[in-house]
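Here is my input; please provide its structure:
(one chain, ligands or ions: 3)
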Amino acid sequence: MNYFITGTDTGVGKTYVTALLTRALRSAGLDTVALKPISCGDREDAESLRNAIGGELPLDAINPLWFDAPAAPLVAAREEGRTIERANLRDWYTALRQSRKSLLVEGVGGWLVPVAEGLGGAEFAAIFDLPVVIVVANRLGCINHTLLTIESVRTRGFTCAGLIINHLHPPETISERTNAALLRELTDVPVLFEIQPGQRTLNLAVA
Ligand SMILES: Nc1ncnc2c1ncn2[C@@H]1O[C@H](COP(=O)(O)OP(=O)(O)OP(=O)(O)O)[C@@H](O)[C@H]1O
Ligand SMILES: C[C@H](N)[C@H](N)CCCCCC(=O)O
Ligand SMILES: [Mg+2]
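Residues are numbered from 1 along each chain as shown. Ligands and ions are numbered 1, 2, ... in the order given. Prediction:
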């Protein structure tokens, strides 16, 4: 199972969900590694994903680039006078890809976050050439964000493999109670999983 994990926004649960999925795949016997190519603001994402693989690889191996500024990588790298090279990311990924059966690659923020000079979010995702899964935080606004992201993923030539609807808290509003059903009604992209607040394990059979 190889996916590029994007989201409807930053802070929607990409890391939370990727870690859950990684643990479930490894428990099912699939040699899965979760990667965070670029971190901005802190390395907590990468540390969570490293925990999900039982510390099997060093942090730098799964998270080769990190920046201090909690911003888009394009901004964070400019702040530090650094450049992000597509070729370096591709070489890093190719080396890992050859030795693993299953890779989950977490993007940065939402789908079109600019990564480097002349490297937008879609061009960044193209480095990994994987089907795209969209993590959707169940909150007001997610219908539009999800449909926009699906449309962009597809028009850029990627396979949109599925949605993972993430309930960060129990539904409190009419929109939070209806978002999941409405997304199923409005798009042919399958809902792979719905993740509940505080969920710690994932049953792969429900996909
Ligand atoms: N289903 C959930 N239940 C409880 N807490 C959650 C759930 N999903 C996400 N969270 C929490 O919400 C916060 C944001 O989640 P997370 O860091 O995974 O988002 P992200 O999309 O990876 O963000 P970023 O864009 O910074 O990478 C974290 O504190 C995370 O632990
Ligand atoms: C700092 C945050 N946790 C992410 N790593 C980066 C989010 C960039 C968002 C850019 C934007 O869409 O405005
Ligand atoms: Mg994250």
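
who's in contact with Pro131?
Pro131 is in contact with Asn2, Tyr3, Phe4, Phe158, Thr159, Cys160, Ala161, counting by Cβ atoms under 8 Å, 6 or more residues apart in numbering. All C-beta atoms are positioned from the backbone trio N, CA, C, and that covers glycine.

how about a cut-off of 7 Å?
Counting by Cβ atoms under 7 Å, 6 or more residues apart in numbering, Pro131 makes contact with Tyr3, Thr159, Ala161.

any idea of the pLDDT on the second one?
At Thr159, the predicted lDDT confidence score is 98.

tell me the contacts of it?
The neighbours of Thr159, taking Cβ under 7 Å, 6+ apart as the test, are Pro131, Val132.

what about the closest residue to ligand 3 within the chain, which helix or strand?
Nearest to ligand 3 in the chain, going by Cβ to the ion, is Thr15, at a distance of 3.3 Å. Secondary structure from DSSP states H and E places Thr15 in helix 14-27.

avg pLDDT for the helix or strand following that helix?
Using DSSP H and E, the helix or strand that directly follows helix 14-27 along the chain is strand 32-35. In this model, strand 32-35 has an average pLDDT of 98.

Give me every residue in the protein lying close to ligand 2.
Contacts of the chain with ligand 2, taken as Cβ under 6 Å from any ligand atom, map to Thr10, Cys40, Gly41, Pro70, Ala71, Ala72, Val108, Gly109, Gly110, Val113.

Nice, that's everything, thank you.
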